[in-house]
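K.L.:
fold the following for me, if possible:
(chains A, B, C and D)
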Protein chains: 2
Amino acid sequence: MSEEPVDGRRARGAKRRAEIIEATLAVVLREGAAGVTHRAVATQAGVATSLSIYYFATLDDLLVAALSSVADSYTARIRQIIDGPGDKLRGLAELIVESAGPGRDKALAERELSTLAARRPALAPIARHWRENVAALAATLTDDPLAVDALVAASDGLCTAILIENVPADTEHVHRVLAHALGTDR
Amino acid sequence: MSEEPVDGRRARGAKRRAEIIEATLAVVLREGAAGVTHRAVATQAGVATSLSIYYFATLDDLLVAALSSVADSYTARIRQIIDGPGDKLRGLAELIVESAGPGRDKALAERELSTLAARRPALAPIARHWRENVAALAATLTDDPLAVDALVAASDGLCTAILIENVPADTEHVHRVLAHALGTDR
DNA sequence: CAGATATTTGAACGATAGTTCTACTTGTAC
DNA sequence: GTACAAGTAGAACTATCGTTCAAATATCTG
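P.N.:
Reported below is the predicted structural model:
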């Protein structure tokens, strides 16, 4: 991982950069992707506006960094479910249901940035991660590629539904829908 | 329907209003929801900026109108599939696959506005229409509520996948995935 | 120490946004 | 015709945006 003789200036700079990414994510969570401006991010991070531009020449760079952060977070969660014990499908259902509660902001940020990906090619590869991860989880449950695709699509659709309905979601129900889409319960 | 003694001024105004809505949609298709400004819409419609504000006090009003227009369009398509002859599931698959080709802009507009709905309550009821329509279609194919939910979720997820992947979609494959999610093929 | 490099700031510029206001045109009612 | 209401245009105000830039600070090199 680390090999460079650590330049104090660059180390400090990398830290600032990380802080700015974090601040960007905070802005996305609070105001949505449309609220991401250099000024808003800089204010959130407590630095000068020009510093945000110093590290991220364009807003796209900021958005890519923020989406990567969220995507990495979800990737870690799914890997945890895949590698851990217990019912993986239920773990996925629980993760999805989180979008209705404490994880709503994060899920919303992921969706907003993913939607942005349709128009900004730089975001597209990152936006694909979520579905690839779900596909990997599905692959541990079935060998049928059609079942994998159906589960991935259903997961995505359930997230959408939960975000738009904006009502408490039922883990049991989500689990049943996922199982039905997967088709292994019949 | 019509009962008022038609005031020439108001009739002309209603026409203008419709033109502005259409212009808003054109802007969303071309630049995305983020590109919707009173100025951009007015320019697109060929009217003064202040006129856009005269009819739509806030940008939200414009977005609601645009989303309603797109949602109505999809509602009509699905009703057509439900009421028409032929395989309804295949009709849905064909509609979804359109999002990869000529209907990409429209599908993208629908997704952008739906995403916006998560933060702007005024858009939420309209954003639900698509899923309600798919549910109605599903209800003609099965009595199992779980199968309905799975099909609705899968349809949504497939649209997402197609929009983000941005590659030609295969109707046959989409149809198979939908059938698998529905679960009636087993 | 001095000099070079990296980071950070604050002010400023130009562009564009939403909004307001006044004047003008068009249509209705009398 | 006049009086009034709805619609329309264009200029102007204020705010905020991305961006630039010179100066200041911090760190490393020797």
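
K.L.:
okay, now the residue in chain A positioned nearest to DNA strand D: neighbour count?
P.N.:
Proximity of chain A to DNA strand D (CB to the nearest atom of the strand) peaks at A:Gly8, 2.4 Å away. Just so you know, the C-beta spots here come from the backbone N, C-alpha and C atoms, and that holds for glycine as well. Here the number of neighbours of A:Gly8 (other CB atoms under 10 Å in any protein chain shown) works out to 7.

K.L.:
what pLDDT does the model give it?
P.N.:
Per-residue confidence for A:Gly8 comes out at a pLDDT of 82.

K.L.:
with A:Glu4 instead?
P.N.:
In this model, A:Glu4 is scored at 51, pLDDT.

K.L.:
correct me, but A:Ala71 touches A:Pro125?
P.N.:
No: with contact defined as CB atoms under 8 Å, A:Ala71 does not count as touching A:Pro125 (9.7 Å).

K.L.:
okay, those two: which has more neighbours?
P.N.:
A:Ala71 (21 against 13).

K.L.:
what's near enough to touch A:Arg120?
P.N.:
Residues near A:Arg120 by CB atoms under 8 Å, 6 or more residues apart in numbering or on different chains: A:60, A:63.

K.L.:
what distance do you get for it to A:Leu89?
P.N.:
As for A:Arg120, its distance to A:Leu89 is 33 Å (criterion: CB to CB, to the nearest Å).

K.L.:
picking up where we left off before, how about the residue of chain A closest to DNA strand D, what does it touch?
P.N.:
Contacts of A:Gly8 (CB under 8 Å, 6+ apart): none.

K.L.:
over to A:Val70?
P.N.:
Per CB under 8 Å, 6+ apart, neighbours of A:Val70: A:25, A:106, A:109-110, A:113.

K.L.:
what parts of chain A come near DNA strand C?
P.N.:
A:7, A:9-10, A:12-14, A:16, A:47-51, A:54 (CB under 7 Å from any atom of the strand).

K.L.:
could I get those residues as a markdown table with secondary structure and neighbour count?
P.N.:
Below are the residues of chain A next to DNA strand C laid out as a markdown table (DSSP: H, G, I helix; E, B strand; the rest coil; neighbours: other CB atoms under 10 Å in any protein chain shown):
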| residue | secondary structure | neighbour count |
| --- | --- | --- |
| A:Asp7 | coil | 10 |
| A:Arg9 | helix | 8 |
| A:Arg10 | helix | 11 |
| A:Arg12 | helix | 10 |
| A:Gly13 | helix | 14 |
| A:Ala14 | helix | 13 |
| A:Arg16 | helix | 16 |
| A:Val47 | coil | 17 |
| A:Ala48 | coil | 12 |
| A:Thr49 | helix | 14 |
| A:Ser50 | helix | 9 |
| A:Leu51 | helix | 19 |
| A:Tyr54 | helix | 14 |
